[in-house]
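# one predicted model, sequence on top.
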Amino acid sequence: MDNSIRLITEENEKKILCERACLSVNSRGRLNPEEECSVRTCFQRDRDRIIHSQSFRRLKHKTQVFLAPSGDHYRTRLTHTLEVSQIARTIARALQLNEDLTEAIALGHDLGHTPFGHAGERALDKLCKDGFKHYEQSVRVVDMLEKYDKGLNLTDEVRNGILCHTKGKEAYTLEGQIIRIADKIAYLNHDIDDAIRADVMAEEDIPLSLRMKLGMTKSQRINNMVIDVINTSKTNENIRMSEDMYTSFLDLHDFMFTAVYTNPVCKGEESKAVDMLNKIYSHYIEHVEDMPVEYRKIAELDGDERAVCDYIAGMSDTYALKVFNQLFVPMFWHD
């Protein structure tokens, strides 16, 4: 099959996207060069590879904020990822940036997240002598852990956007910079929604001054923040909120830190989750041979600690519970 479909898409990018956008034809390429797809651009292929990956599917059983929620409507790491993608694509389209690149980064940004949310991340960070950061682990997932040590061989632009989506150096593409701010907009607003559903707080608990500035509902707040990012970024070299909006955002985050993120109702089970991961880690450090074969191979190449960290980080909440029960909970005899 010839490459006419992909070439048409690449030509359309040149016509539609602004001069600051990252065009598919200008990609820095992959770690391992490969033949181009006849239909999809390189960034479209990256998006599809992420969606079809095992680590992406496991996000549906990984905690966002509430550990093991009993309702069906609380966010998981997967639904968070989809909300980030939606917000990011809206911003990218309005700024005439590359939506495919933006979407690929958004869908891959949390692939390396641990079970039990940031509690799990903090646990592994203390256990591993080299520390643990989920954004670094996400790159490790796409580079080598997926497809049984082959990795997804993503483009450099997507890998950079994933790595830079939280802290440290900014992504070198504007599309990557969008993800950092879309992630913040998504989690702050959907965490409010989940906290209200859990009766941890009410909408009216948010200071009236903040609601007047940001919006009286979740929908209004997201819309106002997104519009502010679009308008501010049009006249800025980078993707930014206005100073006034960002100040209000930080004030809302401070409120949420006290009302939700450190609330015993939300965090009451975290110590149990951390203790469980500590025990699982200790077991596999002493018994590397008990891990699946692909992680035993990693232990031979990168050391036992790295392999155990990779194994635990890849677990869903439900799988971590299953492993813990198998290792430490006595099984009853059956007739």
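Now that the structure is in, tell me what you want to look at. Numbers count the residues shown, from 1 in each chain.
# biggest helix in this protein by residues?
When the chain is parsed with DSSP state H, its longest helix is helix 174-197.
# quick check: buried residues in it?
174-196 (16 or more other Cβ atoms under 10 Å). In this view, the C-beta of every residue, glycine as well, is placed from N, C-alpha and C.
# so what does it touch, helix or strand wise?
If contacts are counted by 3 or more Cβ pairs under 8 Å, 6 or more residues apart in numbering; DSSP states H and E, helix 174-197 sits against helix 77-94, helix 99-108, helix 156-163, helix 218-234, helix 243-256.
# next structured bit after it?
helix 208-214 (DSSP states H and E).
# residue contacts, Ile222?
Residues near Ile222 by Cβ atoms under 8 Å, 6 or more residues apart in numbering: Ile87, Ile185, Ala186, Asn189, Gly215.
# contacting residues around the third one?
Going back to what we said before, that points to Ala186. Ala186 neighbours (Cβ under 8 Å, 6+ apart): His80, Glu83, Val84, Ile87, Ile222.
# next: the first one.
With contact set as Cβ under 8 Å, 6+ apart, Ile87 has these partners: Ala182, Ile185, Ala186, Ile222, Val226.
# state the distance from it to Glu170.
Separation of Ile87 from Glu170 (Cβ to Cβ, to the nearest Å): 18 Å.
# highest mean neighbour count out of the helices and strands packed on helix 174-197?
Mean neighbours per residue, mean count of other Cβ atoms under 10 Å, is largest over these for helix 99-108, with a mean of 29.
# by contact count, what packs against that helix?
Partner elements for helix 99-108 (3+ Cβ pairs under 8 Å, 6+ apart): helix 42-51, helix 77-94, helix 156-163, helix 174-197.
# mean pLDDT added to the ones you listed, as TSV?
Listed next are these as TSV, based on pLDDT from 0 to 100:
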stretch	mean pLDDT
helix 42-51	98
helix 77-94	97
helix 156-163	98
helix 174-197	95
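# what comes up buried for the helix or strand containing Lys14?
Lys14 belongs to helix 4-16 when assigned by DSSP H and E. The neighbour-count check on helix 4-16 (16+ other Cβ under 10 Å) flags Arg6, Glu10, Glu13 as buried.
# next one: stretch 125-132
For stretch 125-132, burial by neighbour count (16+ other Cβ under 10 Å) applies to Asp125, Leu127, Cys128, Phe132.
# that older thread, the helices and strands packed on helix 99-108: which one's closest to Arg28?
Closest of the helices and strands packed on helix 99-108 to Arg28 is helix 156-163, at 4.1 Å (criterion: Cβ to Cβ).
# quick one: distance of that closest one to the chain centre.
The chain centre lies 12 Å from the centre of helix 156-163; the measure is Cα atoms, centre = their mean, to the nearest Å.
# nearest to Leu59, out of the helices and strands packed on helix 99-108?
Using Cβ to Cβ, these put helix 77-94 closest to Leu59, at 3.8 Å.
# that closest one to helix 174-197, inter-axis angle?
130 degrees (axes from the mean of the first three to the mean of the last three Cα atoms, to 10 degrees).
# so who does the residue most central in space within the chain touch?
For the chain, the residue nearest the mean C-alpha position is Asp110 (2.2 Å; Cα atoms, centre = their mean). Residues near Asp110 by Cβ under 8 Å, 6+ apart: Leu59, Arg77, His80, Thr81, His134, Ser138.
# make sure it is indeed in a strand.
No. Read with DSSP: H, G, I helix; E, B strand; the rest coil, Asp110 is coil and lies in no strand.
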